[in-house]
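Student: Give me a 3D structure for the following:
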Amino acid sequence: MSRLSEIVRAKMDAGVLAVDRPVKLWAGRGQGHACAVCAEPIVDAQTEYEVQYDDGSAIKFHIECHSVWEEERRRRSES
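Tutor: Here you go, the predicted model:
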């Protein structure tokens, strides 16, 4: 298991990262926000993924971190 997978699973288990499917996904240039998985800033030279929910909440990710989160989110929703 990768380090990112371990982080995602731990944050999901603790309720820090959502398991529910978002209603929207946006992508754009990083704006320095912290990634919800690795906590590192998403800098201008990187792509920032933002998922949004019906309640207006949003989560920001690096591309790789989003992929790991999405894979785990789908795995859990199939269980």
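Student: can we go C-alpha only for contacts and neighbour counts from here?
Tutor: Noted.
Student: list the contacts for Lys60?
Tutor: His33, Ala34, Cys35, Ala36, Glu48, Tyr49, Glu50, Val51 (CA atoms under 8 Å, 6 or more residues apart in numbering).
Student: Tell me which of these fall in helices.
Tutor: Judged by DSSP state H, the contacts of Lys60 include no members of helices.
Student: Closest to Gly15 out of the residues you listed?
Tutor: Ala36 (12.2 Å; CA to CA).
Student: among the contacts of Lys60, who's most crowded?
Tutor: Glu48 (25 neighbours; other CA atoms under 10 Å).
Student: Please name the bridge partners of that residue.
Tutor: As for beta bridges, Glu48 partners with Gly28, His62 under DSSP bridges.
Student: Isn't it up against Gly32?
Tutor: No: checked against CA atoms under 8 Å, the pair Glu48 and Gly32 is beyond contact range at 9.1 Å.
Student: if I look at those two, which residues touch both of them?
Tutor: With CA under 8 Å, 6+ apart as the test, Glu48 and Gly32 both reach Ile42.
Student: what's around the closest residue to Val23 other than its chain neighbours, how many residues?
Tutor: Spatial nearest neighbour of Val23, chain neighbours left out: Tyr53 (5.3 Å); criterion: CA to CA, 6 or more residues apart in numbering. Using other CA under 10 Å, Tyr53 has 15 neighbouring residues.
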